[in-house]
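Novice: Here is the input, now give the coordinates:
(chains A and B)
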Number of protein chains: 2
Amino acid sequence: MAQKYTTREEDYSKWYNETIARADLAENSGVRGCMVIKPYGFAIWEKIQTQLDTMFKETGHQNAYFPLFVPKSLFEAEEKNAEGFAKECAVVTHHRLMTDPEDSSKLVVDPKAKLEEELVVRPTSEAIIWNTYKGWIQSYRDLPILINQWANVVRWEMRTRIFLRTAEFLWQEGHTAHATKQEAIDETKQMNEVYARFAEEFMAMPVIQGRKTESERFAGADDTYCIEAMMQDGKALQAGTSHFLGQNFAKAFDVKFADKEGKQDFVWATSWGVSTRLMGALIMTHSDDEGLVLPPALAPIQVVAVPICKNEDDLALISERINNLGAKLKAKGISFKFDDDNNRRPGWKFAEYEAKGVPVRLAMGMRDFANGNIEVARRDEKTKEIVSFVDADTYIEKLLIEIQENLYSRAEKYRSDNMREIDSYEEFKTKIESEGGFFLAHWDGTRETEQKIKDETKATIRCIPNERKKEAGFCMVTGAKSEGRVVFAKAY
Amino acid sequence: MAQKYTTREEDYSKWYNETIARADLAENSGVRGCMVIKPYGFAIWEKIQTQLDTMFKETGHQNAYFPLFVPKSLFEAEEKNAEGFAKECAVVTHHRLMTDPEDSSKLVVDPKAKLEEELVVRPTSEAIIWNTYKGWIQSYRDLPILINQWANVVRWEMRTRIFLRTAEFLWQEGHTAHATKQEAIDETKQMNEVYARFAEEFMAMPVIQGRKTESERFAGADDTYCIEAMMQDGKALQAGTSHFLGQNFAKAFDVKFADKEGKQDFVWATSWGVSTRLMGALIMTHSDDEGLVLPPALAPIQVVAVPICKNEDDLALISERINNLGAKLKAKGISFKFDDDNNRRPGWKFAEYEAKGVPVRLAMGMRDFANGNIEVARRDEKTKEIVSFVDADTYIEKLLIEIQENLYSRAEKYRSDNMREIDSYEEFKTKIESEGGFFLAHWDGTRETEQKIKDETKATIRCIPNERKKEAGFCMVTGAKSEGRVVFAKAY
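Specialist: Predicted coordinates:
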């Protein structure tokens, strides 16, 4: 009676939605484009948050909280930023509802409660934050300011997909203020590096670090650094960005400081963020046709144990032994769940924890019990071993490390198999369609060529990689000179 | 040159604002009624969050996330709830801005981007959550649902005060669904008990647990439990509420379940929340004319050390010794800061950490160094001791516990000194004005009498206490029979 699920090969997009539903991560809500993050999905997000928060604090940042609303006059102050986000703003215009005069069971907007100035629901917080920083900064002694905020933001996207593109999403946004340009650039790079480290060490997701081209930059930034990951369908996903904002916001909000000599200058800024989009990246990097696959470092349940027995007496014997192992695992900091719910059969549980991506699943029946063994199944490779019970905790501890490493290697291999240098635009046009993946190609550095490629192939320049070989060449489209290859791909 | 600050006696309200500013906790923002929570204030809120989150999880709850917006048609579904919040709703009516045709540097709302249905920015999430639960609940097997959400909410308050009453605030809201009335009532009581335990053990703030009268209930609740604390000016602050929602939301959103016999019934609900208002309660329970006083359990910095010396060589000697102590304290889980910033003088630092409420401040000069001593100052009682350096870590560890207990006892003594039984309404009217505090009085149980007292004295019934002596009496206003005394006070 097993339900038939869509495979990745059949329809990657449908598989993605089904994987989310099967693992009970999130669902669409009654509000257009907004999602509900369900407890299991949120538990993964909490692990992401906790780890990133630790890394931000280790690099000297503190958390704070700024208003949800941005008055229109502040929103429009930094022109490019305003232009970039104006088309997707939720706007609050009234502060009261009243009973509908025509139907007392309904409410209508009270026309008398119109706001003097409209409020934009933050799509990003540079404007409100720089308007605040203005009051905090007088001298170089007040710098740097190194602040992060965990918050919800709203961007009115027309086409939405759970985790990848939703009208409301959760994110963190760092906003820092510096006395010198160099210090701000160093901060921008440092935070992109933090994102890369998080992606690789915790998400087991290899990323390419690089800079965006001018046309792909954040609205209001002088430079945007990013990490780009390859999904299993060969498409790119921008997993995090770190912006050098120059003095743009300081000028828009008139934020100056006196340096040691008393000379006034505008403050230098950065901002950087990752969002619940990382959940989408995590799903599309590791999962398979049986459901979610989670790296142990971010799995809410790392090890689950299922007893297999026919009566209460057997269950009591097995439970005692498994709980003993559970205690040892917990002492090692491993999250462990013993599922002894007797309303569900073992087969149902196996499928359930497979769909939920629990890295290690244990099972014990009476024969295992008698032989002093336990069955250990790993989610990533779908293999099982019979392990001696006495060493099981050490075995599992090592296995979790191995799974984490294996997921990274697997993703890295997939990426290297699907990333190639290309010099012919004709070949590029064919292969981006037929094979997908990342293409390293020469580009003449102009916005026009970039746009032409995008129009003709839907591929964009994902980044100018930080680490690229020194190789002069010629643009695959125009033949003009190029200093090195950039990364092209279709992207989420 | 010490700046003169307002004392509590001079002007409690002004003192409150100055205490927040001096400790650098928060400030008003450029958005009407919305605050900016600054890093030090946010660090306290994080400690509150972490502890409450642990307690919620220990009682079986999981976190999740629901949309910020509530479509008007969902918002109005539960009539009493809608009526209660309609007058203070921020309403999103448009999803785009456009360039002002009359001034290209400005933006205006794009009239073509009017939403078909207005979206209310959540003032509370029962409506959106029960609309979601409808899809999750079919049978008793799906129950209970025990979910909590950490979120921002917006209530358009006309008169705002930092932490106490702001248009946007941060909170947690638990929303649970149950198969039986009794289970929902037990949950309501359990969570009120959790709040009381948190208030008393962590905030060192004694609270009275009780039930609200009908007129003070949450809009849409059948019963509201609360914890009420007494501030230093004798006014009451409602610090947390837990609502038994009956089947009201299940009926409004048609959420039914099949019980074990297959019989359909509406689901029973609770909701419960505390907010950044707790920050206001914390400030007004313990702080003094020198600034903030924090209970050690919620202090971001529990111990700060200040070196007192004239040259680099002395500083090196003192630093080594203090860092040694710092390491020992950290090993005990005590948060420690060594402030060796040589741009600031010791006296400035003493005043700074006093204003910030750091529970224990250490100082070491060369004489202390030579004698093997360290100066230990406690913030709560503003006393100092010279302590032998070798035992200092143990001394400080005990001192932190003592400070936590002392703050609680002090607050409890203040409350008992300012809480009295009263039987004459004339005396009540005089004393509520002249002395303030909590008054335990008999009341006839009618809404009319409650309203009359409120109109005439501004005092409200804070709660019908869970623990009250069995004492029949007569209403102080009407002389009608009463089953026991209720708590009257003016409130924040």
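
Novice: For the residue nearest the centre of chain A, give me phi and psi.
Specialist: In chain A, the centroid-proximal residue (C-alpha atoms, centre = their mean) is residue A:278; its distance is 1.5 Å. Backbone torsions of residue A:278, given as degrees, to the nearest 10, read phi -60, psi -30.

Novice: Surely it and residue A:239 touch.
Specialist: Yes - between residue A:278 and residue A:239 there is a contact under C-beta atoms under 8 Å: 6.1 Å. To be clear about C-beta, it is placed using only N, CA and C from the backbone, and glycine gets the same treatment.

Novice: Next, show the common contact partners of those two.
Specialist: By C-beta atoms under 8 Å, 6 or more residues apart in numbering or on different chains, residue A:278 and residue A:239 have no common neighbours.

Novice: Could you list every helix and strand that the helix or strand hosting residue A:488 packs against?
Specialist: Per DSSP states H and E: residue A:488 is located in strand A:485-489. Packing partners of strand A:485-489 (3 or more C-beta pairs under 8 Å, 6 or more residues apart in numbering or on different chains; DSSP states H and E): strand A:223-230, helix A:425-434, strand A:438-442, strand A:460-465.

Novice: Can you say which of those is packed in most?
Specialist: strand A:223-230 (a mean of 26; mean count of other C-beta atoms under 10 Å in any protein chain shown).

Novice: the inter-axis angle of that one versus strand A:485-489?
Specialist: Here the directions of strand A:223-230 and strand A:485-489 differ by 60 degrees (axes from the mean of the first three to the mean of the last three C-alpha atoms, to 10 degrees).

Novice: domain ranges for chain A?
Specialist: Following automatic domain parsing, chain A resolves into domains at A:12-286, A:296-403, A:420-489.

Novice: thought residue A:37 was touching residue A:276?
Specialist: Yes - judged on C-beta under 8 Å, residue A:37 makes contact with residue A:276 at a distance of 7.1 Å.

Novice: Which of those two has more residues huddled nearby?
Specialist: Between residue A:37 and residue A:276, residue A:37 has the larger neighbour count (other C-beta atoms under 10 Å in any protein chain shown), namely 27 against 24.

Novice: Ramachandran coordinates for the spatially closest residue to the more buried one that is not a sequence neighbour?
Specialist: The shortest distance from residue A:37 to any non-neighbouring residue, by C-beta to C-beta, 6 or more residues apart in numbering or on different chains, is to residue B:65 (4.1 Å). When quoted as degrees, to the nearest 10, the phi and psi of residue B:65 stand at phi -140, psi 130.

Novice: Look up the pLDDT of residue B:65 for me, please.
Specialist: pLDDT recorded at residue B:65 is 98.

Novice: so what's it up against?
Specialist: Residue B:65 touches A:36-37, A:42, A:45, A:170, B:149, B:151, counting by C-beta under 8 Å, 6+ apart.

Novice: And stretch A:413-427, what's buried?
Specialist: Judged by neighbour count (16 or more other C-beta atoms under 10 Å in any protein chain shown), stretch A:413-427 contains these buried residues: A:414-415, A:418-419, A:422, A:425.

Novice: so of the residues you listed, which ones are in helices?
Specialist: A:414-415, A:425 (DSSP state H).

Novice: In which helix or strand does residue A:98 reside?
Specialist: Using DSSP H and E, residue A:98 falls in strand A:97-100.

Novice: pLDDT (mean, whole number) over that strand?
Specialist: The pLDDT scores in strand A:97-100 average 96.

Novice: Tell me the strands beside that strand, with direction?
Specialist: Strand A:97-100 has the following strand partners under DSSP bridges: strand A:103-109 (antiparallel).

Novice: gap between the residue nearest to residue A:37 and residue A:198?
Specialist: Here residue B:65 is placed at a distance of 21 Å from residue A:198 (C-beta to C-beta, to the nearest Å).

Novice: now swap in residue A:386 and tell me
Specialist: Residue A:386 sits 36 Å away from residue A:198, going by C-beta to C-beta.

Novice: Looking at these two, which is more packed in?
Specialist: Under the criterion of other C-beta under 10 Å, the comparison of residue A:386 against residue A:198 puts residue A:198 first, with 24 against 11.

Novice: show me what contacts the more buried one?
Specialist: With C-beta under 8 Å, 6+ apart, residue A:198 has these contacts: A:51-52, A:55, A:274.

Novice: any chance of those residues in a markdown table, with secondary structure too?
Specialist: Listed next are those as a markdown table, based on DSSP: H, G, I helix; E, B strand; the rest coil:
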| residue | secondary structure |
| --- | --- |
| A:51 | helix |
| A:52 | helix |
| A:55 | helix |
| A:274 | strand |
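
Novice: ok, so of those residues, who is nearest chain B?
Specialist: residue A:52 (14.3 Å; C-beta to the nearest C-beta).

Novice: Identify the residue of the stretch 301-450 of chain A closest to chain B, quick one.
Specialist: In the stretch 301-450 of chain A, the residue that lies nearest chain B is residue A:343 (7.4 Å; C-beta to the nearest C-beta).

Novice: What about the residue lying closest to that residue once chain neighbours are set aside, how many residues nearby?
Specialist: The spatial neighbour of residue A:343 that comes closest, neighbours along the chain excluded (C-beta to C-beta, 6+ apart), is residue B:141 at 7.4 Å. Residue B:141 sits with 11 neighbouring residues when counted by other C-beta under 10 Å.

Novice: what phi and what psi does the backbone show at residue B:141?
Specialist: The phi/psi pair for residue B:141 (degrees, to the nearest 10) is phi -70, psi -20.

Novice: Thought residue A:341 was touching it, still the case?
Specialist: No - the criterion here is C-beta under 8 Å, and residue B:141 misses it with residue A:341 at 10.5 Å.

Novice: State the pLDDT value of the one residue in the stretch 151-300 of chain A that gets nearest to chain B.
Specialist: Nearest residue of the stretch 151-300 of chain A to chain B (C-beta to the nearest C-beta) works out as residue A:156 at 4.3 Å. On the pLDDT scale, residue A:156 is placed at 95.

Novice: Equivalent analysis for the one 3 residues further on, please.
Specialist: Residue A:159 is assigned 92 on the pLDDT scale.

Novice: how far out from the middle of the chain is the helix or strand harbouring residue A:411?
Specialist: If you go by DSSP H and E, residue A:411 is part of helix A:392-417. The chain centroid and the centroid of helix A:392-417 are separated by 20 Å, computed with C-alpha atoms, centre = their mean, to the nearest Å.

Novice: now it: mean pLDDT?
Specialist: 98.

Novice: Which of the residues in that helix are classified as buried?
Specialist: In helix A:392-417, counting by 16+ other C-beta under 10 Å, buried: A:392-393, A:395-397, A:399-400, A:403-404, A:406-408, A:410-411, A:414-415.
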